[in-house]
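Student: predicted model follows, preceded by the sequence.
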Amino acid sequence: MRLKHPPGQRRGGFCVWALRSLARPSPEGRAMTPKQSRFVDEYLVDLNGARAARRAGYSGRWAAAQAYGLLQNKTIAAAIAKAQAERAARTGVTADRVVIELSKVAFGDPRRLLSWGSGGVVLRDSDELTEAEAALVSEVAETRT
């Protein structure tokens, strides 16, 4: 099924008027539908609108357009922001904290944790590691031959 659209109204494969019709905000005070609530919950899983729309039960073919419209809806956007703030307060995990932790791993130097050579690998004692150095370690295994 192809959408018909007025001349000059097509951009990037989507009809502009179709996207505008999806982006109409809910009237103030109007509750979300169960499907919209499900979209909010699913969006919080991976912050991917199209996948959230599919998992919430919207058409797979138009999931990206549906997600765009849903995310433009003021009621839904407010529900997402509120849920993200509640999660950040509950877990203590914020975007800044995630970036800090990722930077520890990205910019960490393994030579501060261990040394290696012809005699094998020598690890520093875990009690001597700083928090940033310990963040570099994801697994420790020992194999004896």
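Tutor: Arrived safely, thanks for sending.
Student: so which helix or strand of the protein has the lowest pLDDT on average?
Tutor: helix 16-22 (a mean of 47; mean pLDDT, DSSP states H and E).
Student: quick one: name whatever helix or strand follows the lengthiest helix in the chain.
Tutor: Longest helix in the chain by number of residues (criterion: DSSP state H): helix 74-91. Proceeding N to C from helix 74-91, the next assigned helix or strand is helix 95-106, under DSSP states H and E.
Student: same for the helix or strand just after that following helix, what does it pack against?
Tutor: As assigned by DSSP H and E, the chain's next helix or strand after helix 95-106 is strand 114-117. When contacts are defined as 3 or more C-beta pairs under 8 Å, 6 or more residues apart in numbering; DSSP states H and E, strand 114-117 sits against strand 120-123. Every C-beta, even on glycine, is put in place using the N, C-alpha and C of the backbone.
Student: so after the strand it packs on, what's the next helix or strand?
Tutor: Immediately after strand 120-123, counting by DSSP H and E, sits helix 131-134.
Student: list the buried residues of that following helix.
Tutor: Residues of helix 131-134 classed as buried by neighbour count (16 or more other C-beta atoms under 10 Å): 132-133.
Student: what does it rub up against?
Tutor: Helix 131-134 is contacted from outside by 104, 108, 112-113, 126, using C-beta atoms under 8 Å, 6 or more residues apart in numbering.
Student: residues touching A95, list them.
Tutor: So A95 contacts nothing (C-beta under 8 Å, 6+ apart).
Student: from R61, how far out is it?
Tutor: Taking C-beta to C-beta, to the nearest Å as the measure, A95 falls 32 Å from R61.
Student: how long is stretch 40-56 end to end?
Tutor: 9 Å (C-alpha to C-alpha, to the nearest Å).
Student: from L44, how far out is E101?
Tutor: Distance, E101 to L44, using C-beta to C-beta: 20 Å.
Student: again with G92
Tutor: 17 Å.
Student: try L114
Tutor: For L114, the distance to L44 - C-beta to C-beta - is 38 Å.
Student: one more: S115?
Tutor: In terms of C-beta to C-beta, S115 sits 44 Å off from L44.
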